[in-house]
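Undergrad: Provided below for reference: sequence and predicted model.
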Amino acid sequence: MIKSIIEPFKIKVVEQIKMTSRDDREHFLAEAGYNPFLIDAENVIIDLLTDSGTAAMSADQWAALAQGDEAYAGSRSWNRFKASVQDIFGFKHVIPTHQGRAAERILFTCMVKKGNVVPNNTHFDTTRANIEYVGGEAVDLVIPEGRQPATLHPFKGNMDVDALHQCIERAGRNRVPLVMLTLTNNSGGGQPVSMANIRAVRRVCDEFKIPLYLDACRFAENAYFIKLREEGYADRTPREIAQEMFSYADGCTMSAKKDGLANIGGFLATQNDALAQQEKNLLILTEGFPTYGGLAGRDLEAIAVGLNEVLHEDYLNYRIVSTHYLGDHIAREGVPIVQPPGGHAIYIDAAAFLPHVPRSQYPGQSLVAELYLEAGIRAVEIGSVMFGKTDPKTGEEIPSSMELVRLAIPRRVYTQSHIDYVVEAILEVWQRRQDIRGLKMTYQAPFLRHFTARFEPMHESLTGAFPVRGACTP
Ligand code: F0G
């Protein structure tokens, strides 16, 4: 029997990649203040910044786009979208939004008040920011294994159920308006949550009568991990597993830019009639009428098809296997990664990759800069640039718990030879890691600073050899 797992699709439309030289890239990176978020995409060879909104759509999705019904109210496309969502997610009320964070903003504006506490396995950055914006406290309660990059565990995204119990008792039930679980746990390494853990969290929520919401961005990948790793699920389809996952929740937020296989879109869903009414009122204020949210009818069509395609087993098998391929090929040469590989991304442990770079000099961001210089690969830091905080008493920066670099794989976009190129580039950088130096942050915004922060390489006289061969000497 043939063991190779191939991309289960043929390519019908292609997009040219502009090849750049190292000199070009030194110039682009310096211009961008060493922050690849600020580099033009056409100057990136392999773009692993995010798996969000970057999927290649199928011929069926493009065909559905042409069917888009752009009626303002009650369009045919809305009915298709709603039916598709309800079949998988099962919630009574579906509220379309332009992307996941719009769903988060509406949900938290309605449910969270100043001084409230919202537990999650690990809040994604927009989730945390939206909770903090309305005065709540976002608490991360992933199991201890989820904070240790090298530790193996089949469901490293699980929530620490005892810690959840204690958190609610300490805060007092009335200060906890909802509990969340992020599937898969993006900020913790794209790690799945088991069905047993969802059930256990549900039991705690029942005990305190607190609603449970799932951040469902990568629900299909999570469902497939359950099928592969959890006893009793091997013979169930990803759709059936997803349906069971959602049956334990009171609602969800969703970014269709991930497992919706669409380039834009999202939704908020709930079983609660009164809450849905309140959410729809807010939706009308900023997103649009409740049958389109911030979306065109054609977007609703693309999502309706994407949500079904993402549950195909051949697709999910290829998806998980190809992500693991990247992780396994760099890990076996010694590159420290979050183990086991997650669903949508490989996370390099930059603190272990560059142990000589102090946390205050952002080892993750330094590695991101090197990958761009080496091969035009754009990755993202998930460490102290993204989650570092300033101590209000001392003014000192408190580093985040991990210094990771995420290589997120867009869905159905790159082939195995692209990934082989990425493997080779990472191993080149790994060979000369001792020469890599840290960065100094020269600008930061008050919220979500990683998007716009600017950096300079640490100067030669401070840290030894200049880090990035001739680029932008300050
Ligand atoms: N929740 C999770 C777990 C996410 O990963 C994201 C987005 C969101 C919520 C917000 O959704 O972007 O549609 O507003 N994650 C992207 C990423 C941006 O690169 O991981 P959105």
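TA: Yep, it's here. Residues are numbered from 1 along each chain as shown.

Undergrad: by mean pLDDT, point me to the weakest helix or strand of the protein.
TA: When the helices and strands of the chain are scored by mean pLDDT, DSSP states H and E, helix 460-463 comes last with a mean of 44.

Undergrad: count of neighbours near whichever residue of the chain sits closest to the ligand?
TA: Residue nearest to the ligand within the chain: Gly100 (2.5 Å; CB to the nearest ligand atom). In short, each C-beta sits where N, CA and C put it, glycine included. Gly100 is flanked by 26 other residues according to other CB atoms under 10 Å.

Undergrad: please apply the same query to Gly294.
TA: 17.

Undergrad: and the residue of the chain closest to the ligand, what does it touch?
TA: Listed by CB atoms under 8 Å, 6 or more residues apart in numbering, the contact partners of Gly100 are Thr126, Asp215, Cys217, Thr253, Met254, Ser255, Lys257, Gly266.

Undergrad: of those, which is the most crowded?
TA: Neighbour counts for the contacts of Gly100, by other CB under 10 Å, peak at Thr253, which reaches 31 neighbours.

Undergrad: not counting sequence-adjacent ones, nearest residue to that one?
TA: For Thr253, ignoring the flanking residues on the chain, the nearest one in space by CB to CB, 6 or more residues apart in numbering is Ala103 at 4.2 Å.

Undergrad: pretty sure that neighbour is in a strand, no?
TA: No - counting by DSSP: H, G, I helix; E, B strand; the rest coil, Ala103 is not part of a strand but helix.

Undergrad: any idea how far it lies from Gly135?
TA: Remark: distance between Ala103 and Gly135 (CB to CB, to the nearest Å) = 19 Å.

Undergrad: pick out whichever of these two has more residues nearby.
TA: Counted by other CB under 10 Å, Ala103 and Gly135 do not tie: Ala103 has more neighbours, with 30 against 12.

Undergrad: for Lys257, see how far away that one is.
TA: Ala103 sits 12 Å away from Lys257, going by CB to CB.

Undergrad: and for Gln271?
TA: The spacing between Gln271 and Lys257, counted by CB to CB, is 24 Å.

Undergrad: cool, Arg25 as well?
TA: Separation of Arg25 from Lys257 (CB to CB): 27 Å.

Undergrad: and Gln416, by the same measure?
TA: Separation of Gln416 from Lys257 (CB to CB): 24 Å.

Undergrad: please apply the same query to Trp78.
TA: 19 Å.

Undergrad: over to Leu326?
TA: Counting by CB to CB, the gap from Leu326 to Lys257 is 21 Å.

Undergrad: next, count neighbours for Asn281.
TA: Neighbour number of Asn281 under other CB under 10 Å is 12.

Undergrad: same deal with Glu301?
TA: Count around Glu301 with other CB under 10 Å applied: 28.

Undergrad: looking at the closest residue to it other than its chain neighbours now. What's its pLDDT?
TA: Once flanking residues are discounted, Glu301 sits nearest to Ala64: 4.0 Å by CB to CB, 6+ apart. pLDDT, Ala64: 98.

Undergrad: so who does Ala64 touch?
TA: Going by CB under 8 Å, 6+ apart, the list of residues near Ala64 reads Arg298, Glu301, Ala302, Ala304, Val305.

Undergrad: the second one touches Gln67, doesn't it?
TA: This means Glu301. Yes - between Glu301 and Gln67 there is a contact under CB atoms under 8 Å: 5.6 Å.

Undergrad: quickly find the element holding Val405.
TA: strand 404-408 (DSSP states H and E).

Undergrad: quick one: mean pLDDT over that strand.
TA: The average pLDDT within strand 404-408 is 96.

Undergrad: before we move on, what about stretch 226-241?
TA: The model assigns stretch 226-241 a mean pLDDT of 98.
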